[in-house]
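1. I need the structure of the sequence given here:
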Amino acid sequence: MLVKIYGSAIFGVSAQTITIEVNVDTGGVGYHLVGLPDNAIKESSYRISAALKNIGFKIPGKKITINMAPADLRKEGSAYDLSIALGILAASEQINAEEISKYIIMGELSLDGGLLPIKGVLPIAIKAKEEGFKGIILPKLNIREAAIVSDLEVYGVDNIKEVVDFFNEGIPLERTTIDIRKEFQEKAHHFPNDFSEVKGQETAKRAMEVAAAGGHNIILIGPPGSGKTMLAKRVPTILPPLTLREALETTKIHSVAGKIGAETSLMTVRPFRSPHHTISDVALVGGGSYPQPGEISLAHNGVLFLDEMPEFKRTVLEVMRQPLEDREVTISRAKFTVNYPASFMLVASMNPSPSGFFPDDPNNTSSQFEMQRYMNRLSGPLLDRIDIHIEVQKVEFEQLADKRRGEQSDEIRRRVLMAREIQSNRYKECDIHYNAQMGPREIEKFCELDEDSQLLIKTAMEKLNLSARAFDRILKVSRTIADLEQADALNAAHISEAIQYRSLDREFWNV
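-> Model (predicted):
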């Protein structure tokens with residue numbers, strides 16, 4: 001008897017329906033699995049055999065042929081165990097197969113028949129709804145993630161026996177539903193950190209506000225213990241809240257990577273990713289033999305924090321140059337190409353020198369050669385993509401002992417939201433959304449300078465030895481500062497503040 005049962009494969013951050021055809025033939029003996037399965041799927045026969053035996057069923061001693069279509073798309077992982085097992089039972093007439101084709105069925109089997117969670121559930125559920133399936137049957141640990149999709153029956157099960165009873169005897173499964181908008185609104189403003197906890201560092205906090213308001217990448221330069229990491233971890237608290245569309249987009253990526261917890265359905269706050277400096281270039285941008293999203297895609301719609309940036313391998317840092325511009329990663333293989341979104345805000349930190357002190361600090365023991373070699377770990381093209389360089393000074397005892405609370409993240413966020421709204425209205429006819437994305441045409445149109453501003457920026461470039469590439473960055477950041485003040489035109493004060501945020505372009509650092 002031939003039976004068709006449906007599963008799903010992940011391709012990039014999208015899913016593709018897989019038809020699993022199971023044919024049980026009395027004319028022979030054997031187990032044949034075709035359709036480009038990987039080793040995990042080929043090994044499923046052992047898990048399925050043990051699981052079925054432990055719930056009172058068995059694999060028939062006949063010729064079993066299983067085809068996973070389309071046959072030219074490679075299938076991987078153990079998520080097809082449940083689909084194949086039910087297909088064998090249905091094709092050997094051990095269970096009723098009348099309703100089985102109306103559901104997407106996925107899950108990894110343990111030897112006692114229990115079900116283990118799988119990756120990529122959200123894109124699978126979205127695809128099931130698009131293709132008109134009645135519902136989806138999954139391990140119970142995955143149901144909250146799948147229940148995000150409305151108008152789709154989502155059933156979570158602990159054991160394959162529950163699914164067998166559902167199709168064979170009509171014993172109902174418990175359907176899971178979630179009010180996604182209510183959950184999104186309840187959790188969208190929950191953060192474990194707040195800017196009010198940061199002592200001192202008013203200049204750095206102001207720079208963070210400007211960076212968040214314009215979507216600018218930022219690097220913090222300061223000695224160890226000055227609060228660079230503390231500041232970076234609080235950036236998501238002042239960024240605009242995720243929209244529902246952004247939340248779904250972000251959740252899909254984390255679902256594919258298997259980063260969604262059992263108690264989580266929808267990601268409601270912007271992600272904050274902080275990879276260790278020993279990370280490889282593939283782990284950062286994504287890829288591998290079977291491509292998976294990397295850290296920059298997991299930071300999509302959020303923040304990527306590179307702590308002690310010069311300690312990262314130069315090859316790792318250089319692979320970020322294209323994603324920082326295009327805001328997506330394209331991974332090409334001989335037979336396919338996968339695109340992962342990577343629109344993130346880069347926040348980096350570094351020591352001023354190998355010894356940890358600023359070049360003019362009496363405690364600095366690094367030679368000019370050592371400092372030059374240290375700074376050369378960051379290439380000019382990469383620094384060119386970082387709009388704001390801010391020096392973070394050591395916090396004095398009086399500031400640490402001050403019991404007064406600083407400005408809360410909610411207050412800063414209100415100003416950021418106001419500036420972002422101004423930018424949205426300004427760029428509604430353009431293919432950009434905030435100031436950091438401006439190109440030469442937009443800079444020329446929206447960053448006109450008066451005489452005083454022109455004289456100031458000319459003097460700064462001459463006296464501080466600023467590079468030509470700093471010019472556009474200064475104008476972009478000036479535009480954001482003006483937006484925070486709700487000013488239509490740029491003035492010398494905006495330019496002056498923006499110049500202060502180009503520390504690494506100054507002659508001071510070119511030792």
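
2. show me how this structure divides into domains.
-> 2-169, 186-509 (automatic domain parsing).

3. for these, which one sits closest to Arg175?
-> Across those, Arg175 has its closest neighbour in domain 2-169 (5.7 Å, CB to CB). For the C-beta atoms, the positions are set from N, CA and C on the backbone; glycine is no exception.

4. so in terms of bridging, what pairs with Glu108?
-> Beta-bridge pairing of Glu108, defined through DSSP bridges, involves Leu116.

5. name all residues that make contact with it.
-> Going by CB atoms under 8 Å, 6 or more residues apart in numbering, Glu108 touches 47, 77-79, 81-82, 115-118, 139.

6. one more: Leu456?
-> Here Leu456 is in contact with 492, 495-496, 499 (CB under 8 Å, 6+ apart).

7. same thing but at 10 Å, please
-> 449-450, 491-496, 499 (CB atoms under 10 Å, 6 or more residues apart in numbering).

8. secondary structure element for it, which one?
-> Secondary structure from DSSP states H and E places Leu456 in helix 451-463.

9. lowest average confidence, helix or strand, in the chain?
-> Using mean pLDDT, DSSP states H and E, helix 180-187 stands out as the lowest-scoring helix or strand of the chain, at a mean of 74.

10. and it, how far out from the chain's middle?
-> Counting by CA atoms, centre = their mean, to the nearest Å, helix 180-187 is centred 20 Å from the centre of its parent chain.

11. residues in contact with it?
-> Against helix 180-187 from outside (CB under 10 Å, 6+ apart): 144, 147-150, 178-179, 241-244, 247-248, 264-269.

12. just those residues: which are in helices?
-> Per DSSP state H, helices hold the following members of the contacts of helix 180-187: 144, 244, 247-248.

13. narrow the contacts of Glu108 to those that are buried.
-> For these, a neighbour count by 16 or more other CB atoms under 10 Å gives the buried set as 47, 77-79, 81-82, 115, 117-118, 139.

14. what about the longest helix in the chain?
-> helix 409-426.

15. can you give me the buried ones in that one?
-> Those would be 409, 412-413, 415-417, 419-420, 422-423, 426, for helix 409-426 by 16+ other CB under 10 Å.

16. format those residues as CSV; extra columns: pLDDT.
-> CSV is the format used below for the buried residues of helix 409-426 (pLDDT from 0 to 100):
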residue, pLDDT
Ser409, 91
Ile412, 94
Arg413, 94
Arg415, 96
Val416, 96
Leu417, 95
Ala419, 96
Arg420, 95
Ile422, 95
Gln423, 95
Arg426, 93
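
17. so can I have JSON lines of those residues showing distance to Arg314?
-> Shown next, in JSON lines, are the buried residues of helix 409-426 (distance: CB to CB, whole Å):
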{"residue": "Ser409", "distance to Arg314": "35"}
{"residue": "Ile412", "distance to Arg314": "34"}
{"residue": "Arg413", "distance to Arg314": "36"}
{"residue": "Arg415", "distance to Arg314": "37"}
{"residue": "Val416", "distance to Arg314": "33"}
{"residue": "Leu417", "distance to Arg314": "37"}
{"residue": "Ala419", "distance to Arg314": "35"}
{"residue": "Arg420", "distance to Arg314": "34"}
{"residue": "Ile422", "distance to Arg314": "38"}
{"residue": "Gln423", "distance to Arg314": "34"}
{"residue": "Arg426", "distance to Arg314": "37"}
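
18. report all helices and strands that the next helix or strand after the least confident helix or strand of the chain contacts.
-> For helix 180-187, the following helix or strand on the C-terminal side (DSSP H and E) is helix 202-214. Secondary structure elements in contact with helix 202-214, counted by 3 or more CB pairs under 10 Å, 6 or more residues apart in numbering; DSSP states H and E, are strand 218-221, helix 228-233, strand 345-350, strand 388-391, helix 409-426, helix 469-484, helix 492-500.

19. if we use 8 Å, what do you get?
-> Helices and strands touching helix 202-214, by 3 or more CB pairs under 8 Å, 6 or more residues apart in numbering; DSSP states H and E, are strand 218-221, helix 228-233, strand 345-350, strand 388-391, helix 409-426, helix 469-484.

20. out of these, which gets nearest to Gly12?
-> strand 345-350 (22.6 Å).

21. thinking Leu306 is in contact with Pro275, fair?
-> Yes. With contact defined as CB atoms under 8 Å, Leu306 counts as touching Pro275 (7.3 Å).

22. out of these two, which sits in the more crowded spot?
-> When Leu306 is set against Pro275 and neighbours are counted by other CB atoms under 10 Å, the residue ahead is Leu306, at 26 against 20.

23. just checking: what are the partner strands of the longest strand that the chain contains?
-> Assignment by DSSP state E gives strand 14-25 as the longest strand of the chain. The strands beside strand 14-25 in its sheet (DSSP bridges) come out as strand 2-11 (antiparallel), strand 63-69 (antiparallel).

24. can you name the next helix or strand after that strand?
-> Using DSSP H and E, the first helix or strand after strand 14-25 is strand 30-34.

25. please identify the pairing partners of that following strand and their relative orientation?
-> Take DSSP bridges as the rule and strand 30-34 pairs in its sheet with strand 63-69 (parallel).

26. rewinding a little: okay, the contacts of Leu456 in CSV with pLDDT next?
-> Listed next are the contacts of Leu456 as CSV, based on pLDDT from 0 to 100:
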residue, pLDDT
Leu449, 90
Asp450, 89
Asn491, 93
Ala492, 92
Ala493, 93
His494, 94
Ile495, 93
Ser496, 91
Ile499, 90
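
27. quick revisit: by mean pLDDT, show me the worst of the domains of the chain.
-> Note on the domains of the chain: domain 186-509 shows the lowest mean pLDDT, a mean of 88.

28. output stretch 122-129 as PDB, restricted to C-alpha atoms.
-> Taking Å, rounded to 0.1, in the frame of the first residue of the first chain, the C-alpha atoms of stretch 122-129 are listed here in PDB:
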ATOM      1  CA  LEU A 122       8.000  28.800  12.800                       C
ATOM      2  CA  PRO A 123       8.900  28.900   9.100                       C
ATOM      3  CA  ILE A 124       7.400  25.300   8.900                       C
ATOM      4  CA  ALA A 125       4.200  26.500  10.400                       C
ATOM      5  CA  ILE A 126       4.000  29.600   8.100                       C
ATOM      6  CA  LYS A 127       4.500  27.300   5.100                       C
ATOM      7  CA  ALA A 128       1.900  24.900   6.300                       C
ATOM      8  CA  LYS A 129      -0.700  27.700   6.500                       C
END
